[in-house]
Every structure is written in structure tokens, then in C-alpha cells.
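Visitor: Got a predicted model here, sequence first, then my questions.
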Amino acid sequence: MAHLSDFDIEKRYKAVVKNTSRLTPPDTEEVREIVLEVKDPEFECEVDQSFGVLTKATGDFGNELHHRLYSVADLPKRIKGNPQLTMLVKRCSYVDDFSGEKYPGVASNYLCDRKKGDEITLTGPFALPFKVPEDKTANLILIGMGTGIAPFRAFIKHIYKNVKDWEGKIRLFYGARSGLELLYLNDKDGDLTNYYDEATFEAFHALSPRPHWADPIALDKALEGQTTELKELLGSSNTHIYVAGYETIHNKLNKAFSNILGSEEKWRLRKAELIAGRKWAEIIY
């Protein structure tokens with residue numbers, strides 16, 4: 001969660017909701033794709049950046065505004081000179097640690113309730129940790145859960161449409177509760193499947209074995225299912241790992257990569273090398 005004090009929010013931009021559509025089925029968690037037109041041609045937000053949304057706060061703890069960051073979920077466009085951005089929003093709620101009561105998430109519910117034509121306030125742009133390596137032979141292991149697909153969707157499109165001639169392997173591991181909740185990788189709106197023909201790209205899905213029982217998403221199983229190739233990629237000094245998801249993803253990744261490399265110690269050392277070499281980046285929320 002981003003806090004007001006973490007980012008410069010003095011410069012603000014007005015944006016209009018051009019379209020809002022639910023990507024997940026009605027009986028699942030609501031995830032919406034929202035397309036915005038920023039009413040200022042000077043605002044530029046690229047695929048390796050995020051932007052903020054300002055909403056009115058509840059007034060608790062003296063805060064009047066609530067600030068939340070979102071990744072760009074598609075290649076930014078311009079319509080009649082104005083920037084057009086796509087974002088993914090999951091309608092969230094949280095449980096108060098003291099009262100045990102459940103409350104709606106401020107920013108996510110505000111955005112999910114916006115209609116076409118509504119105006120919202122943006123801040124930014126702000127840098128994301130995911131950078132396209134200058135070396136086109138670099139391997140990329142991209143791991144996302146839920147709306148964590150957003151930065152990787154724009155990232156993958158940018159590499160194959162704008163960078164071009166990518167020679168390194170790109171492996172996308174994406175976890176969702178069910179096949180219908182695989183954003184941009186399902187039969188309905190799966191535009192990322194367009195890249196299956198790229199020789200360097202492969203995507204792997206991780207689903208919950210019993211989604212209606214809230215069983216955890218088997219991301220570790222999906223990773224361990226590709227042990228041979230991942231072990232080879234981890235042995236290369238030219239491999240980057242980018243991660244986007246909830247805090248719980250750390251335990252799954254540590255378990256899976258420890259099994260892939262043969263021990264917790266081997267993974268701890270390899271991860272330390274990746275971090276030191278700036279080849280490990282993550283967005284955890």
C-alpha cells in the first residue's frame with residue numbers, strides 16, 4: 001500500500017473513464033479493466049512506470065486523501081493528443097485487526113464503482129522496478145498472481161511490438177483461482193495468447209485445485225513442473241526474475257526454487273546473486 005508521504009502528489013492530472021468492463025465471471029472475485037483518457041497531453045506514463053489514483057479518505061488518522069498506485073496494463077496510446085491508459089482493479093476488502101469487522105477497500109471500490117464519463121484524479125508517473133534489459137539475449141522469468149499480470153502484459157507487448165528481435169527466453173508463470181480468472185490468458189479476452197507463436201515466449205498457468213474451497217493457487221507446482229528448463233535458466237548469469245503478487249507469493253517461490261536447485265541454501269545464494277546484480281525485481285502488495 002502506497003502512502004501519501006512516499007510519493008510526490010503535488011502535480012495532479014484529471015482523467016476521464018472511457019470504458020470499464022468486468023473481466024472475471026459474476027460468481028468470482030471482481031476484476032475490472034478500466035480505460036482512462038488523461039486530460040493533459042504533458043502526462044506521459046510508459047510501460048515501466050506506474051501512476052497514482054487519489055480518492056477521498058475516510059478521515060481516520062487525519063488523512064483527507066487516499067493514494068494508491070497502479071501499473072499500466074497495456075501499451076499506452078494517445079487519442080487526439082491525450083494519453084490513454086489501461087489499468088486493472090480488483091474490488092478488495094479488509095478486516096480490521098482490532099474489531100474483526102470487514103470493510104471495503106477505499107481505492108479499489110471507488111474505481112470499480114466509476115462509470116463511463118466519470119472523472120478521477122491521477123498522480124505520477126512513478127518508476128516501476130521492472131526494466132527491459134538492454135541485452136536482447138537476456139532471459140526473463142515473469143511471475144504474477146491475479147492483477148499482477150498487469151505490468152507483465154504491457155511489458156510483453158512492449159518487447160515484441162516495440163523492442164523486437166528478442167533472443168532471450170521469456171517465461172510467464174501466472175496464477176489464478178480458476179481458468180476463467182486467467183486474465184488475458186483465457187478464451188474470451190486472451191490477447192497474451194497472441195504471443196504463443198513467438199519462438200522465445202511460453203506461458204504457464206497455475207490454478208487452485210479446488211477454487212470453490214479457496215484452496216491456494218498451485219504456483220509452486222507450476223514452477224516445479226518446469227524444473228529442467230528453470231534450473232538451466234537459473235544457471236545463466238543473464239537471467240532476470242520479476243515478481244508481482246501478494247506477500248504470500250514469497251513462501252511459494254522460496255519453496256519451489258529451493259526444490260528446483262536442490263536445497264534452500266543453493267536458492268538463498270542464487271537469489272542473493274540476482275538481487276546484487278539487479279536481476280531480481282518485485283512488486284508486492
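Guide: Okay, I see it. These numbers were taken from a predicted model, which means no experiment stands behind them. Numbering: from 1, shown residues only.

Visitor: Quick check: phi and psi at Thr227.
Guide: Here is the backbone geometry of Thr227 (degrees, to the nearest 10): phi -60, psi -50.

Visitor: Neighbours of it, how many?
Guide: By the measure other C-beta atoms under 10 Å, the count of residues near Thr227 is 13. All C-beta spots, glycine's among them, are computed from the backbone N, C-alpha and C.

Visitor: next one: Pro104
Guide: Neighbours around Pro104, by other C-beta under 10 Å: 13.

Visitor: List the residues that contact Asp8.
Guide: Contact partners of Asp8, counting by C-beta atoms under 8 Å, 6 or more residues apart in numbering, are Thr123.

Visitor: Quick check: buried residues in stretch 66-86?
Guide: 66-76, 82-86 (16 or more other C-beta atoms under 10 Å).

Visitor: Model confidence for Ala107, exactly?
Guide: Listed pLDDT for Ala107 reads 90.

Visitor: What sits closest to it if chain neighbours are left out?
Guide: Leaving aside its chain neighbours, Ala107 sits nearest to Arg68 (3.7 Å; criterion: C-beta to C-beta, 6 or more residues apart in numbering).

Visitor: Secondary structure class of that neighbour, three-state.
Guide: Following DSSP: H, G, I helix; E, B strand; the rest coil, we place Arg68 in the strand state.

Visitor: so it makes contact with Ala57?
Guide: No. Contact criterion C-beta atoms under 8 Å: Arg68 and Ala57 do not qualify, at 10.9 Å.

Visitor: which neighbours do those two share?
Guide: Going by C-beta under 8 Å, 6+ apart, residues that sit against Arg68 and also against Ala57 are Val106.

Visitor: Helix, strand, or coil at whatever residue is furthest in space from the centre of the chain?
Guide: Within the chain, the residue lying farthest from the chain centre (C-alpha atoms, centre = their mean) is Ser99, at 31.0 Å. Under three-state DSSP, Ser99 falls in the coil class.
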